[in-house]
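Peer 1: Fold the following, please.
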Amino acid sequence: MTLGMKRFLLGGCQFRWLGLAQLATSLATAAVLAFAIAPTVASALAGDLRVHDPSTVVECDGRYYVFSTGPGIPILSSDDGFTWTRSGHVFDKVPDSVHAAVPLNDGKLVWAPDAIKLNGEYYLYYSISKWGSNVSAVGLLTNPTLNDKDPKYKWTDRGLVVNSVAGESLNAIDPGVLHGPDGRLWLTYGSYIGNVQMVELDPRTGLRIAKDSPATILSSASEASDAIFHDGYYYLFVNRGSCCKGTASTYNIRMGRSRTPTGPYLDRYGVDMAHGGGSLFAASQGNHIGPGHFGLVAMDGVEKFSCHYEGNLATGGRGELAIHPLLWGADGWPSAGEDVKDGTYQMQSKRLGDVLEFGSTSATAPDRLHLGRYASTGNQKWEFAAAGGGYYKIIESGTANALEASAPQASTAAGAVGLAPYTGADSQLWKMDELSDGSYRVEAKTSRLALAAATRSAGHDTTPAGVAPAGPVPASLKPYTGDDVQRWFLLAP
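Peer 2: Reported below is the predicted structural model:
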């Protein structure tokens with residue numbers, strides 16, 4: 001839900017309340033305050049991160065966009081998914097087709113939007129309500145582009161999707177949209193006033209498939225729902241706990257899974273989320289308090305998730321946007337990864353099990369980067385430190401020189417990698433993306449090629465069984481394909 005609200009119990013349902021004057025003051029203050037982040041992990045996001053109830057991150061023309069709670073649906077955007085800026089808002093006035101269902105709404109304030117690209121357009125679902133009331137509605141807007149410099153940029157009102165009325169055990173807010181692998185389209189919505197439920201949408205229009213189509217209860221005592229599909233299962237994420245109290249919030253993200261989109265969604269212990277089940281996915285950690293509003297993010301070929309934190313102890317308790325790695329365990333359950341912390345690590349090849357080291361491979365060979373068995377020597381230890389812009393410098397402990405990428409060869413699209421005194425040049429900056437198995441892609445800023453344990457034939461070591469390899473495996477830079485030779489585990493030496 002939204003910034004500054006207070007929660008109280010009434011008639012067995014939880015309501016949230018905020019005086020309009022307090023809301024106006026909060027929004028006005030937020031609009032003029034600069035947001036300076038002091039991260040507890042190295043590659044936390046940068047820029048203007050003030051956001052509440054963020055939508056799923058969507059990409060358009062190489063730029064990323066997030067929509068959020070606020071007057072007219074505020075927009076954040078980013079060129080790299082790391083540094084975010086304010087990019088205006090969607091509209092000045094809630095469309096009449098949706099506002100008519102919630103006449104007490106002020107006509108401007110929107111809650112918890114969600115976005116998806118569908119049919120060559122961008123579909124934006126949003127909710128409106130009135131504090132302390134469950135008379136609420138979800139509406140839909142579409143736009144052929146999110147680039148406001150494009151002549152085609154125009155938001156079109158598609159009307160009401162679902163709504164709830166007084167006396168109903170339902171609150172039609174916090175929409176989350178799911179486009180299933182079979183092409184069917186679904187909407188989850190709801191809050192503590194009732195349950196989270198799901199209806200099917202028409203994938204051609206984005207609207208409810210029929211006015212009286214069935215609605216299925218998915219989760220009790222929760223809100224901020226979102227569903228995704230992964231490897232044969234549908235996963236439902238919801239929020240539980242209290243929000244909107246800054247660093248006093250207890251928001252946390254719970255999950256369950258099902259073989260069908262309409263459930264039942266069972267947690268790790270087989271308990272139905274509609275009956276109180278829900279395994280913990282993310283909770284407060286360190287300075288970051290109250291994660292909420294899960295969204296699946298595909299960014300630069302890597303799977304991540306977005307959320308907001310109700311408050312950051314390091315920034316005066318303000319809420320902020322966050323994007324983290326999304327990991328998948330061998331048991332099929334997801335977990336929240338984390339950004340690389342400054343420190344010293346081994347870099348172990350997933351493919352070979354050996355570690356990256358620098359030095360000579362024989363009495364006559366020159367020093368170079370290659371892989372070898374770990375021996376706790378300085379030339380096998382790498383010091384990672386944030387270098388700004390979401391990049392890292394990687395220093396070899398033995399020489400104190402930096403890992404450096406050469407320009408790729410035009411004939412092979414591959415590049416060499418070596419060491420040099422650190423200058424801060426782009427060739428010495430590296431992007432670290434944690435992958436779904438907990439390994440990392442190490443990508444050069446200059447070429448966007450990935451560090452690889454170079455193998456001897458067609459991307460794989462074809463040395464016959466029982467025959468010793470011809471020498472240590474060198475390291476190189478190649479276009480990222482997801483192969484295990486390009487996956488590295490960071491281990492404590």
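Peer 1: Leu313 contacts Asn287, doesn't it?
Peer 2: Yes. Between Leu313 and Asn287 there is a contact under C-beta atoms under 8 Å: 4.0 Å. Every residue, glycine included, has its C-beta placed from N, CA and C.
Peer 1: those helices in the chain, which residues are they?
Peer 2: 20-32, 96-99 (DSSP state H).
Peer 1: mean pLDDT for these: which is lowest?
Peer 2: Of all the helices of the chain, helix 20-32 carries the lowest average pLDDT, namely a mean of 35.
Peer 1: Against Tyr65, how distant is the nearest residue to Ser376 once chain neighbours are set aside?
Peer 2: Of all residues not flanking Ser376 in the chain, Pro493 sits nearest, at 6.3 Å (C-beta to C-beta, 6 or more residues apart in numbering). Separation of Pro493 from Tyr65 (C-beta to C-beta, to the nearest Å) stands at 41 Å.
Peer 1: same question, Gln348
Peer 2: Noted for Gln348: a distance of 37 Å to Tyr65, by C-beta to C-beta.
Peer 1: Can you give me the end-to-end span of stretch 44-55?
Peer 2: End-to-end span of stretch 44-55 (C-alpha to C-alpha, to the nearest Å): 19 Å.
Peer 1: and if you look at stretch 229-248?
Peer 2: OK, stretch 229-248 end separation, C-alpha to C-alpha: 33 Å.
Peer 1: for stretch 81-101, same thing?
Peer 2: 36 Å.
Peer 1: repeat for stretch 149-167
Peer 2: First-to-last residue span, stretch 149-167, C-alpha to C-alpha: 45 Å.
Peer 1: In that stretch, which residues are buried?
Peer 2: For stretch 149-167, the buried set under the neighbour-count rule, 16 or more other C-beta atoms under 10 Å, comprises 158, 160-164.
Peer 1: farthest-separated two in those residues?
Peer 2: Arg158 and Ser164 (19.2 Å; C-beta to C-beta).
Peer 1: re the thing from before, hmm, Gly343 and the residue nearest to Ser376 touching each other?
Peer 2: No. The criterion here is C-beta under 8 Å, and Pro493 misses it with Gly343 at 9.8 Å.
Peer 1: higher neighbour count, Pro493 and Tyr65?
Peer 2: Between Pro493 and Tyr65, Tyr65 has the larger neighbour count (other C-beta atoms under 10 Å), namely 21 against 15.
Peer 1: was I right about that one contacting Ile75?
Peer 2: Yes. Contact criterion C-beta under 8 Å: Tyr65 and Ile75 qualify, at 6.2 Å.
Peer 1: list residues touching both of these two?
Peer 2: Ser87 (C-beta atoms under 8 Å, 6 or more residues apart in numbering).
Peer 1: In contact with Ala475, which residues are there?
Peer 2: Applying C-beta under 8 Å, 6+ apart, the residues near Ala475 are 356, 369-371, 417, 451-454.
Peer 1: Could you find the closest non-adjacent residue to Ala112?
Peer 2: Asp53 (3.9 Å).
Peer 1: can you pull the contacts of the nearest residue to Phe91 once chain neighbours are set aside?
Peer 2: Spatial nearest neighbour of Phe91, excluding adjacent residues (C-beta to C-beta, 6+ apart): Gly72 at 5.3 Å. Gly72 sits next to 89-93, 108, 110 when contact means C-beta under 8 Å, 6+ apart.
Peer 1: ok so, going back, out of the buried residues of stretch 149-167, list just those in strands.
Peer 2: Among these, DSSP state E puts 158, 160-164 in strands.
Peer 1: got a markdown table for those, with distance to Thr85 and pLDDT too?
Peer 2: What follows is these, written out as a markdown table (distance: C-beta to C-beta, whole Å; pLDDT from 0 to 100):
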| residue | distance to Thr85 | pLDDT |
| --- | --- | --- |
| Arg158 | 28 | 98 |
| Leu160 | 32 | 98 |
| Val161 | 30 | 98 |
| Val162 | 33 | 98 |
| Asn163 | 34 | 98 |
| Ser164 | 35 | 97 |
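Peer 1: Tabulate these in CSV, adding columns for distance to Val297.
Peer 2: Listed next are those as CSV, based on distance: C-beta to C-beta, whole Å:
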residue, distance to Val297
Arg158, 25
Leu160, 28
Val161, 23
Val162, 25
Asn163, 29
Ser164, 29
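Peer 1: any idea which of those residues is the one closest to Lys381?
Peer 2: Val161 (55.1 Å).
Peer 1: Leaving out the residues flanking it, which one is nearest to that closest one?
Peer 2: That would be Val138: by C-beta to C-beta, 6+ apart, it lies 4.5 Å from Val161.
Peer 1: Report the contact partners of that neighbour.
Peer 2: 98, 125-127, 160-163, 172-173, 175, 187, 189.
Peer 1: same question, Thr188
Peer 2: Taking C-beta under 8 Å, 6+ apart, one finds 175-178, 196-198, 218, 225-227, 236 in contact with Thr188.
Peer 1: Repeat that for Ser447.
Peer 2: Applying C-beta under 8 Å, 6+ apart, the residues near Ser447 are 405, 407-408, 415, 477.
Peer 1: Compare these and tell me which is most surrounded.
Peer 2: Most crowded among the contacts of Ser447, counting by other C-beta under 10 Å, is Leu477 at 27 neighbours.
Peer 1: beta partners of it?
Peer 2: When assigned by DSSP bridges, Leu477 has beta-bridge partners Gly415, Leu451.
Peer 1: and if you look at Ser164?
Peer 2: Bridge pairing for Ser164 - DSSP bridges - gives Ser136.
Peer 1: Would you mind measuring from Pro479 to Ala452?
Peer 2: 9 Å.
Peer 1: Of those two, which one has the most company?
Peer 2: Taking other C-beta under 10 Å, Pro479 and Ala452 do not tie; Ala452 has more neighbours (27 against 15).
Peer 1: I'd guessed the more buried one sits against Gln486; true?
Peer 2: Yes. Look at Ala452 against Gln486 with C-beta under 8 Å: they come within range, at 4.8 Å.
Peer 1: Touching both of the two, which residues are there?
Peer 2: Here Ala452 and Gln486 have Lys478 as joint contacts, going by C-beta under 8 Å, 6+ apart.
Peer 1: The closest residue to Ala227 other than its chain neighbours - how many residues pack around it?
Peer 2: Spatial nearest neighbour of Ala227, excluding adjacent residues (C-beta to C-beta, 6+ apart): Leu178 at 4.3 Å. Other residues lying near Leu178 total 23 when counted by other C-beta under 10 Å.
Peer 1: dump the residue contacts of Leu178.
Peer 2: Per C-beta under 8 Å, 6+ apart, neighbours of Leu178: 185-188, 226-229, 234, 261.
Peer 1: ditto for Gln197
Peer 2: 170, 188-190, 215-218.
Peer 1: List the beta-bridge partners for the nearest residue to Lys154 once chain neighbours are set aside.
Peer 2: Nearest residue to Lys154 in three dimensions, chain neighbours excluded: Asn143, at 6.3 Å (C-beta to C-beta, 6+ apart). Beta-bridge partners for Asn143, by DSSP bridges, are Tyr122.
Peer 1: Look up the pLDDT of Asn143 for me, please.
Peer 2: 98.
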